[in-house]
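Asks: Next input, structure requested:
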Amino acid sequence: MADRGAPAGVATGVGSLPGDDVDRATALVFDELPDLPHLPELPDRGPGADLIGRTATQLVDLAVDLQPSGWRLVDRPGLDVQRGRDLMTADLDALLPVAGPGYDGRLKVALAGPWTLAAGVELPRGGPALADSGAVRDLGESLAETVREHLAEVSRRLPAARIVLQLDEPSLPAVLAGRIRTQSGYGVVAAPEQPVAEAAIARVIAAAGPTPVVVHCCAANPPLRLLRDAGAAAVGVDLLVGAPDHDQLGELVEAGVGLWLGVVPSLGPGVPPTPREAADRVRRIWGELGFAPERLPELVTVTPSCGLARASTGWVHSAYRLVRQAARTLAEAPEGTSV
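Replies: The predicted model follows:
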């Protein structure tokens, strides 16, 4: 059976958390999500800890610098790159006291995907790298090598861990729809052709080797069919922004691709959902797809709707407990009759 990145009936987080204490955040994740913990991302620490900077500062043979307008490609690395790399090293080092060097469970780590990176990094003279096909190609090739090196760094610290790689692609729908603005703000960058978009993601997934790769897209209208064809072991979507295309969801299930479904809000609502309500949201869409209930725990992983960086620490604990309890509910009674 193909490894979809998660064992049956578990929950996990998307990645980002509030605060700047990586040791505390790592302990929280391993405590609340013991079956599939993730390496926390803490953007409150500043540049180099944000979604784009966290990956851009790790790129192999490409350098970036932080400008007032954002991260920009430059000729040689400077202090901003060193800061980003130091933050990543601190994150990886924080795993050892919590997990222990003999940890043999699963662990999810994340990097930005190639199209979100190309949309979020600027060319040397400004404007999104997405507008330059050569820059897009260079970024994709560098990211593929970065994936290899990052997974190797994690394995050096936790050699027995079963690693899962998450590629974050929140900008992918906008890229494919031609909605990324040019430097002037008056125009848009032409959308890449579908085969080109698929090939770029497939190249990065292939670089992970046997490590299962889940592509997460918390924006509306994620291109599920493209991600399946690119080789994703699982696809993560946010059910709270609207149900994804049912035909494409069904095709993923038929192909054996895992579904990581975001069903708990990333910000604490006035009245939080119960585990049963979160589980029922999954059951409802599964029933609409028409698949046998007993297959649900095998293919579905429960997550918050997106990262929790803007949430309170209290809501982080609540959200993680909700997804864990909802996943257990679905594993015990996928059809809902015994709940």
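Asks: Scan this protein for its longest helix.
Replies: helix 133-157 (DSSP state H).
Asks: Which strands or helices does it pack on?
Replies: helix 79-93, helix 95-99, strand 106-112, helix 114-120, strand 162-168, helix 194-207 (3 or more CB pairs under 8 Å, 6 or more residues apart in numbering; DSSP states H and E). Quick note: C-beta positions are derived from backbone N, CA and C, even for glycine.
Asks: mind checking the end-to-end distance for stretch 94-109?
Replies: 13 Å (CA to CA, to the nearest Å).
Asks: cool, stretch 224-244 as well?
Replies: 8 Å.
Asks: Let me see the mean pLDDT of that stretch.
Replies: The pLDDT scores in stretch 224-244 average 94.
Asks: Could you single out the most deeply buried of the helices and strands packed on helix 133-157?
Replies: Mean neighbours per residue, mean count of other CB atoms under 10 Å, is largest over the helices and strands packed on helix 133-157 for helix 114-120, with a mean of 27.
Asks: Excluding its own residues, what touches that helix? List them.
Replies: 51-52, 55-56, 70-71, 112, 128-130, 135-136, 139-140, 143, 167-172, 174-176, 180, 189, 192, 197, 200-201, 203-204 (CB atoms under 8 Å, 6 or more residues apart in numbering).
Asks: go again using 7 Å as the cut-off
Replies: 52, 55-56, 70-71, 128-130, 136, 139-140, 143, 168-172, 175, 180, 197, 200-201, 204 (CB atoms under 7 Å, 6 or more residues apart in numbering).
Asks: Report the rounded mean pLDDT for the longest helix of the chain.
Replies: 98.
Asks: Any buried residues in it, and which?
Replies: By neighbour count with 16 or more other CB atoms under 10 Å, helix 133-157 contains the buried residues 135-136, 138-144, 146-147, 150-151, 154, 157.
Asks: got it, and stretch 325-339?
Replies: Those would be Gln325, Ala326, Ala327, Arg328, Thr329, Leu330, Ala331, Pro334, for stretch 325-339 by 16+ other CB under 10 Å.
Asks: Distance check, the closest residue to Leu172 other than its chain neighbours against Leu176.
Replies: Leaving aside its chain neighbours, Leu172 sits nearest to Trp115 (5.0 Å; criterion: CB to CB, 6 or more residues apart in numbering). Using CB to CB, to the nearest Å, we find Trp115 at a distance of 8 Å from Leu176.
Asks: got it, and Val214?
Replies: On the measure of CB to CB, Val214 and Leu176 end up 19 Å apart.
Asks: more crowded one of the two?
Replies: Set Val214 next to Leu176 and count neighbours by other CB atoms under 10 Å: Val214 wins out with 28 against 19.
Asks: contacts for the one helix or strand Gly53 maps to?
Replies: Assigning secondary structure by DSSP states H and E places Gly53 in helix 51-56. Helix 51-56 is contacted from outside by 41, 47-48, 64, 66, 71, 84, 111-112, 117, 120-121, 168, using CB under 7 Å, 6+ apart.
Asks: Count the neighbours of Gly242 for me.
Replies: Using other CB under 10 Å: Gly242 sits among 9 other residues.
Asks: Over to the one 3 residues further on?
Replies: Residues near Asp245, counting by other CB under 10 Å, number 13.
Asks: roughly how far apart are it and Pro173?
Replies: 12 Å.
Asks: Using the three-state scheme, assign the closest residue to Ser305 other than its chain neighbours.
Replies: Spatially, and ignoring its direct neighbours in sequence, Ser305 is nearest to Gly262 (3.7 Å; CB to CB, 6+ apart). Assigned with DSSP: H, G, I helix; E, B strand; the rest coil, Gly262 falls in the strand class.
Asks: Next, the contact list for Gly262, please.
Replies: Here Gly262 is in contact with Cys218, Gly236, Val237, Asp238, Leu239, Leu240, Thr303, Pro304, Ser305, Cys306 (CB under 7 Å, 6+ apart).
Asks: Most neighbours out of these, which is it?
Replies: Neighbour max across the contacts of Gly262 (other CB under 10 Å) = Thr303, 32 neighbours.
Asks: so who does Leu59 touch?
Replies: Ser142, Leu143, Thr146.
Asks: Nearest to Glu277, out of those residues: which one, please.
Replies: Proximity of those to Glu277 (CB to CB) peaks at Leu143, which lies at 38.0 Å.
Asks: so who does the closest one touch?
Replies: Leu143 neighbours (CB under 7 Å, 6+ apart): Leu59, Pro114, Leu117, Val204.
Asks: and the third one, how far is that from Leu123?
Replies: What it means is Leu117. 13 Å.
Asks: Kindly report the same for the second one.
Replies: Plainly put, Pro114 is 16 Å away from Leu123 if you go by CB to CB.
Asks: what do you get for the last one?
Replies: Counting by CB to CB, the separation of Val204 from Leu123 is 20 Å.
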